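Engineer: sequence-free structure coming up:
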């Protein structure tokens, strides 16, 4: 992200939901999303109960399976790859590693390392934090 762009942080105390649309992932407070929910008029009470249950799920619960399967850096690496629309094989070629090594990095079985992180940053024009 360039330095001139600013994001509005979502406070950790608020519940958030993530929505994926055309390869982009949006993280929004549940209070905002409530305004845009379409109810099923044929069974309003059931929809309302389902809505309450859905809004009571924390982000940690919603993404528990992903967190178990991938490390945080692995999930971010996979997100960068998917956002770029590349397969593991193509992404691995872009950053000069094998597809097997990339898979291990995404699954948290191999560390990224400074050199590979720098290659990713350079290739995708990102700054290292």
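Structural biologist: Nice, thanks for sending it over. Just so you know, these numbers come straight off a predicted model, no measurement behind them.

Engineer: drop to CA atoms for contacts and neighbour counts, all remaining ones
Structural biologist: Fine.

Engineer: Where in this protein is the helix or strand with the lowest mean pLDDT?
Structural biologist: helix 44-55 (a mean of 65; mean pLDDT, DSSP states H and E).

Engineer: wait, what's in contact with the closest residue in space to residue 77 that isn't next to it in sequence?
Structural biologist: Closest residue in space to residue 77, ignoring its immediate chain neighbours: residue 106 at 6.2 Å, by Cα to Cα, 6 or more residues apart in numbering. Residues in contact with residue 106 (Cα atoms under 8 Å, 6 or more residues apart in numbering) are 70, 71, 73, 74, 75, 77, 78.

Engineer: For the third one, give its distance to residue 107.
Structural biologist: From residue 73 over to residue 107 the distance is 9 Å, taken as Cα to Cα, to the nearest Å.

Engineer: can you check the second one too?
Structural biologist: Distance, residue 71 to residue 107, by Cα to Cα: 6 Å.

Engineer: Those two: who's more crowded?
Structural biologist: residue 107 (20 against 16; other Cα atoms under 10 Å).

Engineer: For the more buried one, which non-adjacent residue is spatially closest?
Structural biologist: Using Cα to Cα, 6+ apart, the closest residue to residue 107 is residue 70 (4.8 Å).

Engineer: Helices of the protein, residue ranges please.
Structural biologist: Ranges of helices within the chain are 30-33, 44-55, 59-62, 64-69, 72-83, 88-94, 99-106, 113-123, based on DSSP state H.

Engineer: Select, out of those, the one closest to residue 23.
Structural biologist: Of all the helices of the chain, helix 72-83 sits nearest to residue 23, with 5.9 Å by Cα to Cα.

Engineer: Now do the closest one, average pLDDT.
Structural biologist: What helix 72-83 shows for mean pLDDT is 84.

Engineer: Can you list the neighbours in contact with it?
Structural biologist: Residues from elsewhere that reach helix 72-83 (Cα under 8 Å, 6+ apart): 23, 24, 66, 87, 88, 91, 105, 106, 107, 108.

Engineer: That's all I had, so thanks and see you.
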